[in-house]
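Engineer: can't give you the sequence, but here's the structure:
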């Protein structure tokens, strides 16, 4: 259905208002029926004394108009609350409205009706008496309150309204100037308010507020307030237009003056400062040795800059952009140190062991020596905190004779951090890759991207996807920063990413990197690193010389074992710094002598040991097994406990176990039940008992597929009453048939076992290949047994068969 459209203009309203007055029609004394057809209208509020044409298209509305023509031509004009409502109900219409008189009606070819209506008087809808086939309502007319006696307040209101209307017209409001002649001849306060409101093009809410005000002075006061607001808006609008015009005129004037000044300077043979600056920029562009694409873009922007005012905002943006292009190291690079022996010496000076990484760097240098244009490798060092991933990047840069750069990607969520912002944004800057290269001043630095496994992602984009181009040797030769908008060759950069684990890294990104794993250090390695690197560095940083401090190997070992059980060296270095600071204080207080730190007096410097021997099992116990686990900070050892209580064969699991460990526990229990009868256990043993599996440190979540044989061994020990060797640890997954499946993190787990004083370790047979990665110190301290089935595991683990273990040791 079609909508009613209000076609009356301000001129039409004015003329029709005059016509109404001159025809002498008196709305106040019109004979208005109690029940009238209702015509819902939208986008307009009809006031008394107002005439306007309406186009009526809805079927109900057409029927209401026809009914009004039959019954005295009067109709109730009711404004909708929501103009988008096609079929308004009673609740969609305002309570207040206007009784209107249909003066003329014309049927149009498209089926619509054009009606010329005249507002007679205010009315309030009492009730809707009919909704079909058209709406009809019982109304209460609200005749105009009699004109009040002349008083100063009324006179002041009338004059103020006339003045405001005149001011509004002068400000350019689309109201006919003839309205002033009409207003001059009207003294009635209420009528004046209605005529002004009808010509102001008010919002529906404001117009309804005026229509609902029955008292004339109150109504005129509201109209005055709306006129004030309209006048303020018009004045502000005029001010804005004037400011814009003035700015445009000023810019044009400056342009003409600059052109004149340029012509005068050309005649005199003198150059201005702006021209000199442009010449300097052009020389800088030529010296920068940019790529062809970048040079063309820089010259294009320079030509634009020449024609701009130096004080304009856009000129500042272009100047900054050209400065960035000029300052990028397009052809600047450092010469690699290709002396392999010297490079190996530098790497050995900074880091102990880490042979795989050193070997990979030396291989790259060898390739560069044979093929100078070889692309830089994309390496990813993965390992627990404190093993030296970031510092290794610094050593590589020093060994190769390159500049070193580092940015942290932890928590980065905006793609623009990598690719930069487009120049359309206010305050746009290149990404951190381009910024780093500018800072380094070379196009082949060692660039460390720290914490690549902790990149975030949100509505601003996915930074890890932006890194796909940066870390792809086949694509990064044409890397394009959004701000620079030209290609830059990153193939000479040696990118090194660091991460604690690979799981959070997107597969597509991980696939572009060469992963080198840095596992934890053994006790012997920590002793040597501490003696050779950490202690001398901390003594230097704390200002303590060798004549004031001596630390024995036993004290260093005690710090490793009793204060800092970790894969890396951060806490170890903190404790050494703590010792050095305490000695520094004593020296500063006058005790200028050699302070010898041994195991006996270590507690006086570091306090009581944090990891005591009592934490580990000191004797063989039934139902308690030493399990080995992998964590982000390296390997760890867990005690898995099992107990049986009266019940109905249920399995109880505690210790914040994940779904995988819960499934391993259920599998282990099912396997134990199948083996029970063969071990001499009564058939109804499991039916009368509940089994409780607990992994201590309940506040720490635990999960992973490597606890199956550990849980099964604890259950077998429990149902047979045979204790488990407390100096033995194990790791591996179990199947329902009792097969032992391989697991990961063998090196880290074995290092954890060695740190905990374990003597023997059981590993899956399929992990025999991983034994080559276990450090020699750990192999020396541990005895390994590789098994295929659970039958072998419990025969080896239970103390009654301890003699068999020595015969099955790894050769």
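Structural biologist: Good, I have the coordinates. What you are looking at is a predicted structure, and each value in this text was computed from that prediction instead of being measured. Residues are numbered from 1 along each chain as shown.
Engineer: Count the residues that sit near the nearest residue in space to residue 489 that is not next to it in sequence.
Structural biologist: Nearest residue to residue 489, sequence neighbours excluded (Cβ to Cβ, 6 or more residues apart in numbering): residue 477, at 5.0 Å. In short, each C-beta sits where N, CA and C put it, glycine included. Residues near residue 477, counting by other Cβ atoms under 10 Å, number 14.
Engineer: measure residue 477 to residue 433 for me?
Structural biologist: 14 Å (Cβ to Cβ, to the nearest Å).
Engineer: do residue 213 as well
Structural biologist: Noted for residue 213: a distance of 67 Å to residue 433, by Cβ to Cβ.
Engineer: To which secondary structure element type does residue 448 belong?
Structural biologist: strand (DSSP: H, G, I helix; E, B strand; the rest coil).
Engineer: Just give me the neighbour total for it.
Structural biologist: Other residues lying near residue 448 total 27 when counted by other Cβ under 10 Å.
Engineer: so it makes contact with residue 396?
Structural biologist: No: between residue 448 and residue 396 there is no contact, the gap being 9.0 Å when judged by Cβ atoms under 8 Å.
Engineer: May I have the residues that are in contact with the residue nearest to residue 489?
Structural biologist: Residues near residue 477 by Cβ atoms under 8 Å, 6 or more residues apart in numbering: 375, 489, 490, 491.
Engineer: Name the residues contacting each of residue 477 and residue 433.
Structural biologist: Taking Cβ under 8 Å, 6+ apart as the contact rule, residue 477 and residue 433 both touch residue 490.
Engineer: all strands of the stretch 101-250 of the chain, in order?
Structural biologist: Read by DSSP state E, counting those that start in this stretch, the stretch 101-250 of the chain holds these strands, from start to end of the chain: 113-130, 136-142.
Engineer: what's the angle between the shortest one and strand 113-130?
Structural biologist: This means strand 136-142. Strand 136-142 and strand 113-130 meet at an angle of 90 degrees, taking axes from the mean of the first three to the mean of the last three Cα atoms, to 10 degrees as the criterion.
Engineer: Direction included, what does strand 136-142 pair up with?
Structural biologist: strand 35-41 (antiparallel), strand 113-130 (antiparallel) (DSSP bridges).
Engineer: Residue 86 is nearest to which of those?
Structural biologist: Set against residue 86 and scored by Cβ to Cβ, the strands paired with strand 136-142 come closest in strand 35-41, at 10.1 Å.
Engineer: Please spell out which residues along that closest one are buried.
Structural biologist: Across strand 35-41, burial judged by 16 or more other Cβ atoms under 10 Å covers 36, 37, 38, 39, 40, 41.
Engineer: sorry, back to before: so which of the strands of the stretch 101-250 of the chain is nearest residue 499?
Structural biologist: Set against residue 499 and scored by Cβ to Cβ, the strands of the stretch 101-250 of the chain come closest in strand 113-130, at 71.3 Å.
Engineer: Could you give me the buried positions within that closest one?
Structural biologist: By neighbour count on 16+ other Cβ under 10 Å, the buried set for strand 113-130 is 113, 115, 116, 117, 118, 119, 120, 121, 122, 123, 125, 128.
Engineer: How about stretch 668-680?
Structural biologist: The neighbour-count check on stretch 668-680 (16+ other Cβ under 10 Å) flags 668, 669, 671, 672, 673, 675, 676 as buried.
Engineer: In those, find the pair that's most separated.
Structural biologist: Using Cβ to Cβ, the buried residues of stretch 668-680 reach their maximum pairwise distance at 668 and 676, which is 12.6 Å.
Engineer: Doesn't residue 652 belong to a strand?
Structural biologist: Yes: applying three-state DSSP, one finds residue 652 inside a strand.
Engineer: Okay, and the beta partners of the closest residue to residue 107 other than its chain neighbours?
Structural biologist: The shortest distance from residue 107 to any non-neighbouring residue, by Cβ to Cβ, 6+ apart, is to residue 113 (5.8 Å). Taking DSSP bridges, one obtains residue 56, residue 107 as the residues bridged to residue 113.
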